[in-house]
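Q: Give me the fold of what follows.
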Amino acid sequence: MLSNELRAACQIVSLAGLVFSVLMYLPWITSVIFGWTGGDGFFWSATTSSVVCLLIALASRGDTPRVSARFGIIVVNLLWWFCPVICSLPLMFGQQPLSVVDSIFEAVSGLTTTGSTIISDLETQDRPVLVWRAIMQWIGGLGILSLGLILLPFLRVGGMQLFRMESSDRAEKPLPRLIEISRTIIFIYIILSVVCTLAYYIAGMGIFDSVVHAMTTVSTGGFSSHNESLGYFSSLPILWIAIVFMIIGGLPFNFFIGIFFTRSIPKPDPQIFIFFSILVVALFVLCVADTSLTQLTFYDFTHRAFDTVAIVSTTGYASGDFMSYGMIGPVLFFVLIFIGGCAGSTSGGIKIYRFIIIAELIKSSLRELVYSKGIFLMHYGKQVVDEPIFRSAIIMIVSFFLSLAVATVILGALGLDFVTALSGATTALANVGPGIGSVIGPTGNFSSLGDPEKIVLAISMIVGRLEILIVMALFLPLLWRN
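A: Numbers count the residues shown, from 1 in each chain. Predicted coordinates:
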C-alpha cells in the first residue's frame, strides 16, 4: 500500500515538474522574439528537466491509489520540496549564474510567494530571469490557492476543516465539484492578472513591468524588476493600484467564486471584516504616531497605506523604508508580519481566522470562569466551532512559534544578530519577504547572508507555506506504516 502511494506520488510530482519544465520555454521564447540576452539557459534547462521528469513519469505509471490523508501529505510534501529544485535550474545555468544555494533560495522564495531575494542588482539581470521570477510567483500563487481551498481543508490542517465544513453543503458551496472549483480559481486568477496588468499600464508602467508586477501583485509575492521595488516608479496611482490588488489577493477566493458564479452576495465571513479592521487601525496608528493628522500629506498617507497593506497581505513590496516611520514603524510592522491575510487567499502568515477562533476560545473561557456550570458554544460567524477545529488551530499557532524559536536560535548560532535572526525567521515562516533592520529590511536583501543561513530560511519558507504540520507529519512513524 505504502509503496503504491509513493510510486503514484512520484508520478504526480514528475508531471508537475514537467509542467514547470515546459513553462521554462516561455522566457526563452520571449528572449528570441524580443532579442533579449540570457534565454539560452532556459532552453537547455527546460529540455533537460523535461526529459528527466518524463522518464520518471513513465517509470512510475500504475494504478492510482485511494485518496487518503497520508497520500495527500506525501504528495504535497514532495511537490513543494521537489519543484523548487526544478525551477532553480535556469538560475544556475544562465548568463549570470547563481550558486546552487542562491538559485534554490530564489526559487523557493518565488514558489512560496515569499518575495525575499538574494539578487542585489535587479537592474542588470537579464529579462528572461525577471520573467521567470514572476512566473514562479504567479504559478506559486495558484498552487497556494489550491492548497488552501482544496487540500488543507481535506487534510484538516490547522483548523482549515472549518472551511471544508462550510463547503460541504451544496447550498453554501458556489460550485460543488472539485474540477469546477479548480477551473474557477484559474479563471478568476487570470482575469485579476489581466485587469491588474492593464491598470498598471494605464498608470504609466511599461508593458514589461506591467506584466511582471501584475503577476507578483495578484499572487501577493512581491518580486519586482527594480531594486527599489514599486518605489522606482515614483507614482502614487501605481501604488494605489497595487494597494487594491494586494487587498484582493489577501481576501478569500471563495468570496470571489460566490460573486462571479452564483451572482449573489456570499455569506459574510468574519475574517474579511477583521482583515479590513486591522488595515485601518494599523494605518491610523502609523499616521498619528510620528506626525499629526493636520500635517499628513496625501503622499505620506499613500506610502503608509501601501507599506501597511504590503505587509499584512504578505506581498512584501516596498515604496521606501518603513524603518523611517519613527519608533513605532519597525515594531508595528514586525507585529503585522505574524498576522497574514485570510484563509483561502494567496497570503501567508498565521491567518486571521485562527486569531478569531482564539478570541472565541478566550471569551468562552472567561464566561466559564464567571458561570462555572454554564455551557458556552464557540462560533465563527454563525457557525459553531467544535473542539477539533479550535484544537488544531491552537496546535498550528503553537507549532508556528516553536518553529520560529528553533529557526531563530539556529540563525543566531550561525552568527546573525538577534534582530536579523528573529525577523528573518519570522518573515520566512510567514512568507512575507522583507525583514526588520538594515541587513534584510525593506532597503536590503538576503545576498549578504551565508549559505547555511539561506538554507535555514529556504526550509522555513516551505515549512511556513505548508502550515508546518504537514511537514512535521513526515517525521511521524505512523505515516510510513503499511
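
Q: Run through the residues that contact the residue nearest to Ser50 when sequence neighbours are not counted.
A: Distance criterion Cβ to Cβ, 6 or more residues apart in numbering; nearest residue to Ser50, sequence neighbours excluded, is Ser21 at 4.1 Å. All C-beta spots, glycine's among them, are computed from the backbone N, C-alpha and C. Counting by Cβ atoms under 8 Å, 6 or more residues apart in numbering, Ser21 makes contact with 45-46, 49-50, 53, 86.

Q: Surely Ser21 is in a helix?
A: Yes. Assessed by DSSP: H, G, I helix; E, B strand; the rest coil, Ser21 belongs to a helix.

Q: how much space between it and Phe245?
A: 29 Å (Cβ to Cβ, to the nearest Å).

Q: rewinding a little: which two in the contacts of Ser21 are spaced the farthest apart?
A: The largest separation in these, counting by Cβ to Cβ, is between Ser45 and Cys53 at 11.9 Å.

Q: Have a look at those two and say which one is more surrounded.
A: More crowded of Ser45 and Cys53, by other Cβ atoms under 10 Å: Ser45, with 25 against 22.

Q: ok, the more buried one - contacts?
A: 21, 24, 89-90, 92-93.

Q: Please apply the same query to Cys287.
A: So Cys287 contacts 293, 296, 300-301, 304 (Cβ under 8 Å, 6+ apart).

Q: same thing but at 10 Å, please
A: If you count contacts by Cβ atoms under 10 Å, 6 or more residues apart in numbering, Cys287 has them with 293, 296, 300-301, 304-305, 308, 325.

Q: Met92 now?
A: Counting by Cβ under 10 Å, 6+ apart, Met92 makes contact with 41, 45, 98-100, 102-104, 107.

Q: So how do I select the buried members of those residues in PyMOL?
A: Buried members of the contacts of Met92 can be picked out in PyMOL with the line below, counting by 16 or more other Cβ atoms under 10 Å:
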select buried, resi 41+45+98+102+103+104+107
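
Q: Out of the contacts of Met92, which comes closest to Leu449?
A: So of these, ranked by how close each gets to Leu449 (Cβ to Cβ), first place is Asp102, at 10.0 Å.

Q: what are the phi and psi values for that closest one?
A: Backbone torsions for Asp102, taken as degrees, to the nearest 10, come to phi -60, psi -40.

Q: In ChimeraX, how would I select just the buried ones from the contacts of Cys287?
A: To isolate the buried ones among these in ChimeraX, judged by 16+ other Cβ under 10 Å, type:
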select :304,305,308,325
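
Q: Please narrow the contacts of Cys287 to those residing in strands.
A: Among these, DSSP state E puts none in strands.

Q: For the contacts of Cys287, name the two members farthest from one another.
A: Largest pairwise distance in those, by Cβ to Cβ, is 15.9 Å, between Leu293 and Thr308.

Q: Could you give the number of residues near the nearest residue to Gly437 once chain neighbours are set aside?
A: Nearest residue to Gly437 in three dimensions, chain neighbours excluded: Val419, at 4.6 Å (Cβ to Cβ, 6+ apart). Per other Cβ under 10 Å, the neighbour tally for Val419 reads 17.

Q: what pLDDT does Val419 get?
A: On pLDDT, Val419 comes in at 92.

Q: And for Gly340?
A: Looking at Gly340, the pLDDT reads 89.

Q: what sits against it?
A: 220, 250, 275, 311-314, 347-355, 430-432, 464.

Q: quick one: it from Asp40, how far?
A: Taken as Cβ to Cβ, the span from Gly340 to Asp40 is 39 Å.

Q: same check, this time on Glu5
A: For Glu5, the distance to Asp40 (Cβ to Cβ) stands at 39 Å.

Q: what number of residues lie near Ile274?
A: A count of nearby residues for Ile274, using other Cβ under 10 Å, gives 17.

Q: Can you tell me the closest non-neighbouring residue to Ala46?
A: Nearest non-adjacent residue to Ala46 (Cβ to Cβ, 6+ apart): Met24, at 3.5 Å.

Q: What is the neighbour count of that neighbour?
A: Neighbours of Met24 using other Cβ under 10 Å come to 26.

Q: Could you double-check that it lies in contact with Cys53?
A: No. Counting by Cβ atoms under 10 Å, Met24 sits too far from Cys53 to count as a contact (11.3 Å).

Q: what do the two both touch?
A: Contacts common to Met24 and Cys53, judged by Cβ under 10 Å, 6+ apart, are Ile86.

Q: Quick one: low-confidence residue ranges for the stretch 301-450 of the chain.
A: Of all residues in the stretch 301-450 of the chain, none has pLDDT under 70.

Q: Helices of that one, start to end?
A: Counting by DSSP state H, counting those that start in this stretch, one finds helices in the stretch 301-450 of the chain at the ranges 328-339, 352-370, 387-413, 418-429.

Q: Can you list the buried residues in the first one?
A: Read it as helix 328-339. 329-330, 332-334, 336-339.

Q: any idea which of the residues you listed is the one closest to Val471?
A: Phe338 (19.0 Å).

Q: Quick one: residues contacting the closest residue in space to the closest one that isn't next to it in sequence.
A: Nearest residue to Phe338 in three dimensions, chain neighbours excluded: Ile350, at 5.7 Å (Cβ to Cβ, 6+ apart). By Cβ under 10 Å, 6+ apart, the contact set of Ile350 is 158, 337-340, 358, 393, 396-397, 400-401, 429-430, 464, 467.

Q: So how do I select the buried members of the residues you listed in PyMOL?
A: What follows is the PyMOL syntax selecting those of these that are buried according to 16+ other Cβ under 10 Å:
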select buried, resi 158+337+338+339+340+358+393+396+397+400+429+430+464+467
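
Q: pretty sure Phe208 is in contact with Val131, am I right?
A: Yes. Shown here, Phe208 and Val131 form a contact pair, counting by Cβ under 10 Å, at 8.3 Å.

Q: Overlap of the contact sets of the two?
A: Contacts common to Phe208 and Val131, judged by Cβ under 10 Å, 6+ apart, are 30, 36, 225.

Q: quick one: Ser399 and Ile468 touch, right?
A: Yes. The pair Ser399 / Ile468 is scored as a contact, 4.5 Å apart, by Cβ under 10 Å.

Q: neighbours around Glu387, how many?
A: Based on other Cβ under 10 Å, the number of other residues close to Glu387 is 8.

Q: Oops, could you answer that again for Ser448 instead?
A: Counted with other Cβ under 10 Å, Ser448 comes out at 12.
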